[in-house]
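Novice: Whatever this is, show me its structure:
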Amino acid sequence: MFIATLIAAGTLGDTAAREAEERLAAAGCAPQGLLALDTGKAADIGFAQGLAAARAALEGMADVDVVVQPAAHREKRLLVADMDSTMITVECIDELADYAGIKAEIAAVTERAMRGELDFEAALDARVALLKDLDESAIDRCLAERVTLTPGARTLIATMRARGATCILVSGGFTRFARPVGERLGFHRVIANDLLIEDGRLTGTVARPIVGAQTKLETLREASAELRLSPEQTLAVGDGANDLPMIRAAGLGVAFHAKPVVAAAAAARIEHGDLTALLHAQGIPRSEWVEDDA
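Specialist: Have a look, this model is predicted:
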């Protein structure tokens with residue numbers, strides 16, 4: 001048994017739901033009716049066969065995010081999440097660069113790295129080198145003035161934690177941002193890179209080993225083993241190329257408002273909604289959410 005979850009950017013009307021059922025039927029997936037998760041916002045359509053066919057059939061529905069997956073182990077026991085442009089709305093290194101007057105230069109490199117056009121570690125080293133001698137106080141200013149939680153982030157983590165899931169934040173960014181963000185959101189663990197600082201100024205270097213794509217993948221695998229979970233019981237979410245290995249390895253890998261290379265490779269994409277879409281995808285009805293986006 002499989003499930004297609006429709007999550008509307010605005011209102012999920014009868015027309016969109018009927019169109020989805022018709023598409024599934026035409027693809028030979030044998031849809032078995034509609035079940036509302038959140039009236040006017042999200043609904044499930046169960047179907048009997050053809051996972052790949054269903055994903056292809058539902059591609060491109062207007063103003064609707066669609067998550068297609070097996071019904072078994074739908075609610076996940078482990079979440080491994082990226083931070084920049086996923087759990088928060090900005091790329092911290094780009095915003096920090098603004099305090100050094102070089103945001104445009106660094107942001108261009110960040111964009112290429114997240115698109116998979118540059119080696120992540122080399123690109124990180126190059127960007128951090130440009131921040132050499134920046135006053136350490138800029139980090140705290142940036143955190144206070146620029147870092148904003150993504151809508152739905154608090155509710156996602158609070159709800160999953162309340163239901164017994166383990167939540168881990170793994171960032172290719174920096175601990176000085178990731179630790180306070182992780183604490184605000186309620187993550188069980190936070191893993192990120194350490195910016196090296198001497199005499200109150202950035203040295204232009206990052207401690208080794210660098211947290212990148214391999215670290216994210218290993219974190220997913222090691223946490224799964226520690227918790228005695230199968231891959232099907234895991235969820236990974238991110239937006240950049242360095243998130244792809246963990247997204248591919250998770251039971252449900254989600255590209256969240258992601259770069260094209262990530263969106264094309266992920267089993268599920270959220271392009272319209274906020275992070276509460278991941279609760280809809282797990283079949284958790286709105287009535288059972290821990291509303292914590294104050």
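
Novice: now the helices for the chain?
Specialist: Using DSSP state H, the helices of the chain run over 14-26, 51-57, 92-98, 103-114, 120-129, 137-145, 153-162, 175-185, 213-227, 244-249, 260-265, 277-281.

Novice: so which of those is the most packed in?
Specialist: Mean neighbours per residue, mean count of other CB atoms under 10 Å, is largest over these for helix 277-281, with a mean of 27. All C-beta atoms are positioned from the backbone trio N, CA, C, and that covers glycine.

Novice: By mean pLDDT, which helix or strand of the protein comes out lowest?
Specialist: Least confident element among the helices and strands of the chain, by mean pLDDT, DSSP states H and E: strand 31-38 (a mean of 92).

Novice: Export that strand to PDB, keeping only CA atoms.
Specialist: Presented in PDB, the C-alpha positions along strand 31-38 are these (Å, rounded to 0.1, in the frame of the first residue of the first chain):
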ATOM      1  CA  PRO A  31      -6.400   5.000  -6.000                       C
ATOM      2  CA  GLN A  32      -8.600   4.100  -3.100                       C
ATOM      3  CA  GLY A  33     -10.200   7.400  -2.000                       C
ATOM      4  CA  LEU A  34      -9.300  10.600  -0.300                       C
ATOM      5  CA  LEU A  35      -8.700  11.200   3.400                       C
ATOM      6  CA  ALA A  36      -8.400  14.700   4.800                       C
ATOM      7  CA  LEU A  37      -5.400  15.400   7.100                       C
ATOM      8  CA  ASP A  38      -6.100  19.100   7.500                       C
END
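
Novice: sorry, back to before: relative to residue 237, which of the helices of the chain is closest?
Specialist: Checking the helices of the chain against residue 237 by CB to CB gives helix 277-281 as the closest, at 6.5 Å.

Novice: same for the closest one, what does it pack against?
Specialist: strand 2-8, strand 64-70, helix 153-162, strand 252-256, strand 268-270 (3 or more CB pairs under 8 Å, 6 or more residues apart in numbering; DSSP states H and E).

Novice: Let's have these in JSON lines, adding mean pLDDT.
Specialist: Putting these into JSON lines (pLDDT from 0 to 100) gives the following:
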{"stretch": "strand 2-8", "mean pLDDT": "97"}
{"stretch": "strand 64-70", "mean pLDDT": "97"}
{"stretch": "helix 153-162", "mean pLDDT": "98"}
{"stretch": "strand 252-256", "mean pLDDT": "98"}
{"stretch": "strand 268-270", "mean pLDDT": "97"}
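
Novice: Could you export the ones you listed as TSV, including distance to residue 26?
Specialist: TSV is the format used below for those (distance: least, CB to CB, whole Å):
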stretch	distance to residue 26
strand 2-8	14
strand 64-70	15
helix 153-162	34
strand 252-256	25
strand 268-270	22
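
Novice: so which of those gets nearest residue 91?
Specialist: When these are compared for distance to residue 91 using CB to CB, the nearest one is strand 252-256, at 13.9 Å.

Novice: I'd like the distance between residue 21 and residue 281.
Specialist: Distance, residue 21 to residue 281, using CB to CB, to the nearest Å: 19 Å.

Novice: To clarify, my last question referred to residue 81.
Specialist: Distance from residue 81 to residue 281, counting by CB to CB: 14 Å.

Novice: got the contact list for residue 1?
Specialist: Going by CB atoms under 8 Å, 6 or more residues apart in numbering, residue 1 touches 46-48, 70-72.

Novice: do that again at 6 Å, thanks
Specialist: residue 71 (CB atoms under 6 Å, 6 or more residues apart in numbering).

Novice: again with residue 100
Specialist: Residues near residue 100 by CB under 6 Å, 6+ apart: 131, 134.

Novice: And for residue 41?
Specialist: Contacts of residue 41 by CB under 6 Å, 6+ apart are 8, 12.

Novice: Just give me the neighbour total for residue 274.
Specialist: When neighbours are counted by other CB atoms under 10 Å, residue 274 registers 18.

Novice: how about low-confidence regions in the stretch 101-250 of the chain?
Specialist: For the stretch 101-250 of the chain, no stretch has pLDDT under 70.

Novice: re the thing from before, elements contacting the least confident helix or strand of the chain?
Specialist: Secondary structure elements in contact with strand 31-38, counted by 3 or more CB pairs under 6 Å, 6 or more residues apart in numbering; DSSP states H and E, are helix 14-26, strand 42-47.

Novice: Tell me which of those lies nearest to residue 194.
Specialist: strand 42-47 (39.7 Å).

Novice: Could you spell out the sheet neighbours of the closest one, each with its direction?
Specialist: Neighbouring strands of strand 42-47 in its sheet, by DSSP bridges, are strand 2-8 (antiparallel), strand 31-38 (antiparallel).
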